[in-house]
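[1] Show me how the following folds:
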Amino acid sequence: MKKIFLSIAAFLLVQVSLFAQSNVQATLTPAASGQNYQTVIRLKNSSGAAISGNISSFTVGIRIQDQGANNPTLTISGLNATTPSGPITNIAPSVVNGGYAYYLVAPNFSNSPFPMTAGQEKDLLGLAFRGSNGTTAVIPSVEMISFLGGNPPGTPALPNYQMEYYVFIGGDRTETASTFYASANSVGLSNAGNPKVVGLNSVPLPITWLSFTADKAGDKAMLNWATATERGNTGFDVERSADGKTFTKIGFVSTQANEGNSTEKLAYSFIDSKPLNGVNHYRLKQIDIDGKSSLSEVKAVAFTAATAIEVYPNPVNGAMVRVKGNNIKNISVFNINGQQATVPVQYGALENELQLSGLASGNYVLRVATESGVQHLKLVVQH
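    Numbering: from 1, shown residues only. Predicted coordinates for the structure are as follows:
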């Protein structure tokens, strides 16, 4: 991420004595209901004295979990009569690395600078994440970060990648060792180490995914996944979809973590013994103890020839015909005029029996409905 406002090392050294005096801090808080943004950045003057100079600028890093090609853009709104300028709409991630998309929030309040009284807290900025169609994107967690003299993980060790929290007060940059502060609405605060992270709502995330795979195992689908950490986890709903859009729960796997909490690698598996004909899309829904949930990425497995519908004997000269296939929901018989015939059907797990003693010799159509669609097959009856 590019470091803005200050790039001259000499200027930084001159200003060091001023940083600790003002002691301006920031944290994330949930946005109020009905507002057009999801997250609020709150500024606090914790110096114990009034800030007589006007605050004119603010810079901080924000990160979310990487969504790949679906990473949203960020829009900033001023709060409490502040009017930010500069890059405030359609802000794309500056760096995507280590499973996170990093954004740089750097509005300027030169048109509406403001002072702060001793101990004053001020909701300063509203953050909204928007998808490719311009509508608000649902982001499960947002984190404020600070790399004080460091670099985002995996990026080159160059000064222009350093991302530091600071504000400008009357033209002077202000920064403290305790960059973030805790409030009733902020969680996951840690001022130790680098980076420093404070999160909102579901941060720290309830689980840290290590892997998730879905593979064919004969005529079954084998799902395997692992977690690095779990926090307040009850387990995982296993969900399946034929189109990748509408998912249905097909099972549940309980957590292995003691009382839902773990800092060690835990491995899980699930077998779908009756996959759909065609492509099967799988995802995991992690369920918190408090009922909240988070979703894994989606994996796909295709089943084709192994799940074809079989009809035998055909032609049939007896009283019974068998129809075999996975996930058959309904079987019906129609004559060549499209009229449905009355045919008793005895359904089984994989094989279904049709009693044809009431049918005259001739050609018919079998309509076989499965979970993935409908097939029409020719049936010849020869009494």
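[2] can you pull out the strands in the stretch 51-200 of the chain?
    For the stretch 51-200 of the chain, the strands defined by DSSP state E, counting those that start in this stretch occupy 51-65, 73-78, 95-97, 100-105, 114-116, 121-130, 143-146, 166-169, 172-174, 187-190, 196-199.
[3] closest one to Val298 among the ones you listed?
    Nearest to Val298, of all the strands of the stretch 51-200 of the chain, is strand 51-65, at 14.8 Å by Cβ to Cβ. Glycine gets a C-beta too; all of them are placed from N, C-alpha and C.
[4] Remind me what that closest one packs against, helices and strands.
    Judged by 3 or more Cβ pairs under 8 Å, 6 or more residues apart in numbering; DSSP states H and E, the packing partners of strand 51-65 are strand 24-30, strand 39-45, strand 100-105, strand 114-116, strand 121-130, strand 143-146, strand 166-169.
[5] Quickly, which of these bottoms out on average pLDDT?
    Ranked by mean pLDDT, those bottom out at strand 166-169, which scores a mean of 65.
[6] which stretch among the helices and strands packed on strand 51-65 comes nearest Val301?
    When those are compared by Cβ to Cβ, strand 100-105 sits nearest Val301, at 28.3 Å.
[7] how far out from the middle of the chain is stretch 83-97?
    On the basis of Cα atoms, centre = their mean, to the nearest Å, stretch 83-97 sits 21 Å off its chain's mean C-alpha point.
[8] End to end on that stretch, go ahead and measure it.
    In stretch 83-97, first residue to last residue: 32 Å (Cα to Cα, to the nearest Å).
[9] which residues does Arg322 contact?
    310-312, 351-354 (Cβ atoms under 8 Å, 6 or more residues apart in numbering).
[10] nearest to Asn258, of those residues?
    Closest to Asn258, out of all of the contacts of Arg322 and judged by Cβ to Cβ, is Glu351, at 44.7 Å.
[11] Run a quick neighbour tally on that closest one.
    When neighbours are counted by other Cβ atoms under 10 Å, Glu351 registers 14.
[12] Val323 is in contact with that one, correct?
    Yes: between Glu351 and Val323 there is a contact under Cβ atoms under 8 Å: 7.5 Å.
[13] hey, where'd the helices end up in the stretch 151-300 of the chain?
    Taking DSSP state H, counting those that start in this stretch to define them, one finds no helices in the stretch 151-300 of the chain.
[14] follow-up on the earlier one: tell me which of the strands of the stretch 51-200 of the chain sits nearest to Ala300.
    Nearest of the strands of the stretch 51-200 of the chain to Ala300, taken as Cβ to Cβ: strand 51-65 at 20.9 Å.
[15] Next, the angle strand 24-30 makes with that closest one.
    For strand 51-65 against strand 24-30, the angle by axes from the mean of the first three to the mean of the last three Cα atoms, to 10 degrees is 40 degrees.
[16] Please indicate which of the contacts of Arg322 are buried?
    Buried by 16 or more other Cβ atoms under 10 Å: 311, 352, 354, out of those.
[17] separation between the last one and Ile55?
    Leu354 sits at a distance of 79 Å from Ile55 (criterion: Cβ to Cβ, to the nearest Å).
[18] again with Asn71
    Noted for Asn71: a distance of 30 Å to Ile55, by Cβ to Cβ.
[19] before we move on, what about Val323?
    To Ile55, Val323 is 75 Å away according to Cβ to Cβ.
[20] what's the answer for Lys299, then?
    With distances taken as Cβ to Cβ, Lys299 is found 48 Å from Ile55.
[21] Quote the end-to-end distance of stretch 208-226.
    With Cα to Cα, one end of stretch 208-226 sits 9 Å from the other.
[22] Let me know the average pLDDT across it.
    Mean predicted confidence for stretch 208-226 is 88.
[23] For that stretch, buried residues please.
    For stretch 208-226, burial by neighbour count (16+ other Cβ under 10 Å) applies to 209, 212, 214, 221, 223, 225.
[24] Which of those residues sits closest to Lys378?
    Ala221 (30.7 Å).
[25] Which residue comes closest to the closest one once chain neighbours are left out?
    Closest residue to Ala221 apart from its sequence neighbours, by Cβ to Cβ, 6 or more residues apart in numbering: Asp272 at 4.0 Å.
[26] pLDDT score assigned to that neighbour?
    On pLDDT, Asp272 comes in at 95.
[27] swap in Asn54?
    Note on Asn54: pLDDT of 81.
[28] gap between it and Pro115?
    Applying Cβ to Cβ, the value for Asn54 to Pro115 is 6 Å.
[29] cool, Phe247 as well?
    Noted for Phe247: a distance of 52 Å to Pro115, by Cβ to Cβ.
[30] again, but for Ala308
    With Cβ to Cβ as the criterion, Ala308 and Pro115 are 76 Å apart.
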